[in-house]
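Novice: A predicted structure for the sequence below; I have some questions about it.
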Amino acid sequence: MQTPAQTERFGRERGARMLPFSLCPAGDLARIAVMLTDIDDTLTTDGRLPAAAYAAMEKLRESGLIVVPVTGRPAGWCDLIARLWPVDAVVGENGAFYFRCEAGRGMTRVYIKPESERRTDRARLADLGASILAAVPGARIAADQLYRESDLAIDFAEDGPPLAAGKIDQIMACFAKAGATAKVSSIHVNGWYGCYDKLGMTHRALADEFGLDLDRDNERIVFVGDSPNDAPMFGFFRNSIAVANFGAFAARSEAHPRWITAAAGGAGFAEVAARLLEARGAA
């Protein structure tokens, strides 16, 4: 059976026109049962999680939607998110795992690779990180690297002066030369060994935990994101949405979403949530 990453039925190529989310039909939104969302610069604004975005997640979940963040952030963060946020599960490190925490069951952790392979990958990535810092002046290891299980995050915009586009390209080239997969988010270049992505692990999480199939249930799922590492999700989901700040990275993204919000970051997510709740009669 093909994976969602292989089928990409609703893929929109780079440069495809994105329509204002205000034009999305209410009937399409009324069918939504699952909210998938990136975190950085999708739920957050300027590195902070605004109350409006957090409250929107809570209201969506209370209305009956399954809410799952799908992020490049590390396992340590995702453990907290799964335990404390109003979510049903979380996919982390760009598809390296999913976590789900339930009352009476505790934490379920499902990884794409066993611990022995993750340990080997971490050693290889540590060496690669040192070589990237030597090759690209100004590049730095992301502050959250200590809490990662499967990938290496090189910071270009989170802590310290933003790096120019050419240096981001150099970082990508270093990962490619080492035989690693690399993706650009709004703040980091993330690299790992293997061919997995956000979409593949989302497929597994929704199937294992909620009995959903991404092909069969595509029209019941919405994804909201903001950057090139969201391209597999943008390309697959019929109801794919970017918050307005996606425009800064659109040229780097291999696929574009169908819709784009008027507002950026957390306000853009809240814009999506408000229309979903209205369509469900739960505003």
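Specialist: Structure's in. What do you need?
Novice: for the stretch 101-250 of the chain, which segments count as helices?
Specialist: 115-135, 165-177, 198-210, 231-236 (DSSP state H, counting those that start in this stretch).
Novice: pLDDT averaged over the last one - what is it?
Specialist: Read that as helix 231-236. Across helix 231-236, the average pLDDT comes to 96.
Novice: restricting to C-alpha, output it in PDB.
Specialist: The C-alpha trace of helix 231-236 is given here as PDB (Å, rounded to 0.1, in the frame of the first residue of the first chain):
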ATOM      1  CA  ALA A 231       5.800  20.900   2.300                       C
ATOM      2  CA  PRO A 232       4.800  17.200   2.600                       C
ATOM      3  CA  MET A 233       1.700  18.200   4.500                       C
ATOM      4  CA  PHE A 234       0.900  21.100   2.200                       C
ATOM      5  CA  GLY A 235       1.200  18.800  -0.800                       C
ATOM      6  CA  PHE A 236      -1.000  16.000   0.500                       C
END
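Novice: where along the stretch 151-283 of the chain do the strands fall?
Specialist: 152-155, 181-184, 188-192, 221-225, 239-242, 259-260 (DSSP state E, counting those that start in this stretch).
Novice: quick one on the thing from earlier: now mean neighbour count too, for the helices of the stretch 101-250 of the chain, in JSON lines please.
Specialist: C-beta here means a position set from N, CA and C on the backbone, and glycine is covered the same way. Putting the helices of the stretch 101-250 of the chain into JSON lines (neighbours: other C-beta atoms under 10 Å) gives the following:
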{"stretch": "helix 115-135", "mean neighbour count": "15"}
{"stretch": "helix 165-177", "mean neighbour count": "16"}
{"stretch": "helix 198-210", "mean neighbour count": "21"}
{"stretch": "helix 231-236", "mean neighbour count": "26"}
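Novice: on that earlier part again, in JSON lines, list the strands of the stretch 151-283 of the chain along with mean pLDDT and mean neighbour count.
Specialist: Output for the strands of the stretch 151-283 of the chain, formatted as JSON lines (pLDDT from 0 to 100; neighbours: other C-beta atoms under 10 Å):
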{"stretch": "strand 152-155", "mean pLDDT": "98", "mean neighbour count": "26"}
{"stretch": "strand 181-184", "mean pLDDT": "96", "mean neighbour count": "21"}
{"stretch": "strand 188-192", "mean pLDDT": "98", "mean neighbour count": "27"}
{"stretch": "strand 221-225", "mean pLDDT": "98", "mean neighbour count": "28"}
{"stretch": "strand 239-242", "mean pLDDT": "98", "mean neighbour count": "27"}
{"stretch": "strand 259-260", "mean pLDDT": "98", "mean neighbour count": "21"}
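Novice: contacting residues around residue 245?
Specialist: Listed by C-beta atoms under 8 Å, 6 or more residues apart in numbering, the contact set of residue 245 reads 41, 186, 226, 264-265, 268.
Novice: give me the distance between the residue nearest to residue 235 when sequence neighbours are not counted and residue 81.
Specialist: Among residues not flanking residue 235 along the chain, residue 255 sits closest, at 3.3 Å (C-beta to C-beta, 6 or more residues apart in numbering). Residue 255 is 25 Å from residue 81, where distance means C-beta to C-beta, to the nearest Å.
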